[in-house]
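K.L.:
Predicted model follows, preceded by the sequence.
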Amino acid sequence: MQQDSTNHYGREHLRRHEERLASAPPERGAGPTRLMSRTSPSPPPPLTYVPVGERPLRRLPQLLVGLALYGFSLSVMVRASLGVNPWSVLYEGLENYTSMSFGTISAVLGVLVLLLWIPLKQKPTLGTVANILVLAYSSDLGLSLIPQHLGLPTRAGLLVGGVLLNGLSVAVYVGARFGPGPRDGLMTGASAVTGRSIRLVRTVIEIAVLAVGGLLGGSVGVGTVLYALAVGPVTQFFLPWFAYRSTPARPLPHGRMPRAASQGCGRHTGAGRPTGSPLLEPQVGAACRAGHGGCEDCRHE
């Protein structure tokens, strides 16, 4: 009798414990990674385009700060005089043949690249326009603040700091999810049209830009190699902290699809084939309009 009472008490205690677990809200990172969740963020969401009207006061400052830091990081690497990223090599090369400033050249080329979006059927967004304007101003501002002809140790420090700041700034402005800049849109559009991978298209574009810039006298050096090797991992490290997470969907009666899902997430085209773009394409695909609901970004209003 005593044993039956003890077993009953144990079963009742276990049942209540299970009910508490079931009713409690799920904890992020529960299980083996629970302790890690306190010090590291969850993985970033898909970096698809999010409409401007969704939490603009939260996202717009992030976009502008990220772009300003990006432009400033370019000026830091330029003043290091140890080699810059491929597009900056081209800007520097063109400076040798024009009276325009570094930032002005970046803006002019941004507009010219934007014209290439037309045959690629890419559509500019607020992030695209802000990329051109803010980047030009902040890079020229940085060049006016940082002195030239510094010692080698200082220049080495500027190079490392510039690469780190550049990777951080990319995570900040891309994480705001306002759409790709002109150069990123060229890359993703060319990838979608040709069917080639993002990696291959980006490699071809940047090698071509680097070659032309180098022939024009742009700065190619150890910084160019360091940038190519480091900026991707640095961006990937910071991205989970800054990637905007869309507003969760509210449950709808009778299984109806939320409004944004019927419009599509912008990451799928044709019969549901992914575009391969991690960079916020705003275009809406037929598969999403037909009711694609597998993307978390399709399930918000």
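P.N.:
Done, it's in.

K.L.:
from here on, contacts and neighbour counts on C-alpha atoms
P.N.:
Fine.

K.L.:
Could you point out which residue ranges in this structure have low pLDDT?
P.N.:
Flagging of the chain using pLDDT under 70 yields the residue ranges 1-40, 247-301.

K.L.:
90 - rerun?
P.N.:
In the prediction, the chain carries residues with pLDDT under 90 at positions 1-48, 121-122, 188, 192, 198-199, 245-301.

K.L.:
and it, what are its domains?
P.N.:
According to automatic domain parsing, the chain comprises the domains 56-242, 253-298.

K.L.:
give me the number of residues near residue 156?
P.N.:
Around residue 156 there are 17 other residues, counting by other CA atoms under 10 Å.

K.L.:
contacting residues around it?
P.N.:
80, 82 (CA atoms under 8 Å, 6 or more residues apart in numbering).

K.L.:
mind redoing it with 10 Å?
P.N.:
Counting by CA atoms under 10 Å, 6 or more residues apart in numbering, residue 156 makes contact with 77, 80, 81, 82, 150, 162, 223.

K.L.:
same deal with residue 178?
P.N.:
47-52, 56, 59-60, 63, 124-128, 130, 279-282 are the contacts of residue 178 under CA under 10 Å, 6+ apart.

K.L.:
which stretches of the protein form helices?
P.N.:
Per DSSP state H, the chain carries helices over the ranges 2-23, 56-80, 86-95, 102-115, 117-120, 126-145, 152-175, 182-194, 198-215, 222-242, 259-263, 286-289.

K.L.:
Buried residues, the longest one. List them.
P.N.:
So the one you mean is helix 56-80. 59-60, 62-64, 66-80 (16 or more other CA atoms under 10 Å).

K.L.:
quick one: it to helix 126-145, angle?
P.N.:
40 degrees (axes from the mean of the first three to the mean of the last three CA atoms, to 10 degrees).

K.L.:
which strands and helices sit next to helix 56-80?
P.N.:
helix 86-95, helix 102-115, helix 126-145, helix 152-175, helix 222-242 (3 or more CA pairs under 10 Å, 6 or more residues apart in numbering; DSSP states H and E).

K.L.:
switch the cut-off to 8 Å
P.N.:
Under the contact criterion of 3 or more CA pairs under 8 Å, 6 or more residues apart in numbering; DSSP states H and E, helix 56-80 touches helix 126-145, helix 152-175.

K.L.:
Can I get the helices of the chain in TSV including distance to residue 42?
P.N.:
As requested, these are exported to TSV (distance: least, CA to CA, whole Å):
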stretch	distance to residue 42
helix 2-23	22
helix 56-80	19
helix 86-95	32
helix 102-115	34
helix 117-120	34
helix 126-145	25
helix 152-175	14
helix 182-194	25
helix 198-215	25
helix 222-242	6
helix 259-263	23
helix 286-289	26
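
K.L.:
Of all the ones you listed, which one is nearest residue 41?
P.N.:
Nearest to residue 41 among these is helix 222-242 (5.9 Å), distances taken as CA to CA.

K.L.:
then the closest one to CSV, C-alphas only?
P.N.:
Extracted as CSV, the C-alpha positions of helix 222-242 are listed here (Å, rounded to 0.1, in the frame of the first residue of the first chain):
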residue,chain,number,x,y,z
VAL,A,222,48.5,43.1,-49.2
GLY,A,223,45.4,45.0,-48.1
THR,A,224,43.5,43.7,-51.2
VAL,A,225,44.3,40.1,-50.3
LEU,A,226,43.5,40.7,-46.6
TYR,A,227,40.2,42.2,-47.5
ALA,A,228,39.3,39.3,-49.8
LEU,A,229,40.1,36.7,-47.1
ALA,A,230,38.7,38.5,-44.0
VAL,A,231,35.7,40.6,-44.8
GLY,A,232,33.4,37.6,-45.4
PRO,A,233,34.1,35.9,-42.1
VAL,A,234,33.9,39.2,-40.2
THR,A,235,30.6,40.0,-41.7
GLN,A,236,29.3,36.5,-41.0
PHE,A,237,30.4,36.9,-37.3
PHE,A,238,28.5,40.1,-36.8
LEU,A,239,25.4,39.5,-38.9
PRO,A,240,23.4,37.5,-36.3
TRP,A,241,23.6,40.6,-34.0
PHE,A,242,22.2,43.0,-36.6
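
K.L.:
by contact count, what packs against that helix?
P.N.:
Checking 3+ CA pairs under 8 Å, 6+ apart, helix 222-242 ends up next to helix 152-175.
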